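> fold the following and give me the result.
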Amino acid sequence: MRIYFVSMGCAKNTADSEHLKAKLESYGHEILDEPSGAEAAIFNT
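Numbers count the residues shown, from 1 in each chain. Alright, predicted model coming up:
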């Protein structure tokens with residue numbers, strides 16, 4: 001699955017998002033830098 005991430009708020013949110021991105025990539029998902037082409041979007045606020 002192609003996933004787009006948006007992390008807002010404190011540095012802890014950014015760290016949590018980076019951890020989740022790495023985990024999802026290890027499962028074979030593709031993390032996108034742009035929302036175009038994404039099948040899902042995750043907003044961490």
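
> tell me, how many residues neighbour Phe5?
Other residues near Phe5 come to 19 when the count uses other CB atoms under 10 Å. For every residue, glycine as well, the C-beta is placed using N, CA and C.

> give the bridge partners for it, please.
Ile42 (DSSP bridges).

> look up how far Ala38 lies from it.
9 Å (CB to CB, to the nearest Å).

> for Thr14, same thing?
To Ala38, Thr14 is 19 Å away according to CB to CB.

> the more surrounded of these two?
Ala38 (17 against 13).

> tell me the contacts of Phe43?
6, 8 (CB atoms under 8 Å, 6 or more residues apart in numbering).

> tell me the pLDDT at it?
Per-residue pLDDT puts Phe43 at 96.

> count of residues packed around Glu18?
Residues near Glu18, counting by other CB under 10 Å: 12.
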